[in-house]
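K.L.:
Requesting a structural model of the entry that follows:
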Amino acid sequence: MAATGPCEETAVIARWLYRFGIAPCGPAIERDFGPDDDPMAILGLTKGAHVRRQLETAYDAHALAGWYSFARTALPEQISTACKLYVSPKPEALSDAFPVIAEQFTRNEVRSFKVGRGIEGLLRPDKIVAYFDSESHMMRVATALDKSLQGCPAQGVPFTAEIAGNGLVSSGIDPPVNASAISWRSWITKRLAASLAASFPGESAHRTAIALTDLRNSGIDPDRWAPIVEHFWTLSPS
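P.N.:
Model prediction:
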């Protein structure tokens, strides 16, 4: 779809790709989430709610721009991130799914995670992101979530590595602190956008093939949206 568009500005294409998959905010969402723009109740995070009490036993919570962040109180301030897990239930499934997700994160001692803030944050596909120090720990949690959320409708996060085959849980990694990209998905979408903007006008299939080849040469498998080599950031730090 991006390859068929007339726009040749890299930033515009990248932003379009990054935002792909956001659920629309229709009357049903506004009715179910409430009249304001901060639907804490849908997550069970209002004062005195069960999910909030549960998370308060293990996490410190902070309000950030666009996110609510939760970190285990016993963690040191500086710690590296090996990988991260995306959990993507559809917005209308959040009231049932988030208590289960919170329980699994607490039980499995997930080091930190964040949740989209406001209606806009909960409509995005990457609305729940958990951070891990090892891939094995992440996979254990992903397996537990897949089992405990059977039947939960998935929204799915574009440009992330599928784990369970249904779009509900997927993975990625973040670039180093000194990289220009701030996240896994933003790095991929910026790379794809740059290739599309630089390619000569022509058939969309040809332009898409060029962009995917460039991405593969940068160390990412576009079939799985996963790194091809362990240190792929050294191939192209932009």
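K.L.:
would you list every one of the strands in this structure?
P.N.:
59-64, 67-72, 83-87, 112-116, 128-132, 161-162, 169-172, 220-221, 226-227 (DSSP state E).
K.L.:
Could you list the domains of the protein?
P.N.:
The chain resolves into domains spanning 2-17+179-234, 23-157 when parsed by automatic domain parsing.
K.L.:
give me the low-pLDDT residue ranges for this structure?
P.N.:
Residue ranges of the chain with pLDDT under 70: 35, 74-81, 176-181, 202, 229-238.
K.L.:
hmm, who's touching stretch 12-27?
P.N.:
Applying C-beta atoms under 8 Å, 6 or more residues apart in numbering, the external contacts of stretch 12-27 come out as 2, 5, 7, 29, 90-91, 119-120, 123-125, 155-159, 185-186, 189-190, 192-194, 196-197. Placement of C-beta: from N, CA and C, glycine included.
K.L.:
Run through the helices of the protein in chain order.
P.N.:
With DSSP state H applied, the chain shows helices at 10-19, 27-33, 40-43, 50-56, 94-107, 118-123, 135-148, 184-198, 204-217, listed in chain order.
K.L.:
winner for burial among those?
P.N.:
helix 184-198 (a mean of 21; mean count of other C-beta atoms under 10 Å).
K.L.:
now the angle between helix 10-19 and that one, please.
P.N.:
Computed by axes from the mean of the first three to the mean of the last three C-alpha atoms, to 10 degrees, the angle separating helix 184-198 from helix 10-19 equals 140 degrees.
K.L.:
Tell me what residue 72 is bridged to.
P.N.:
Following DSSP bridges, residue 72 is listed with bridge partners residue 59.
K.L.:
That one against residue 106, yeah?
P.N.:
No: Residue 72 lies out of contact with residue 106 (C-beta atoms under 8 Å); the separation is 9.4 Å.
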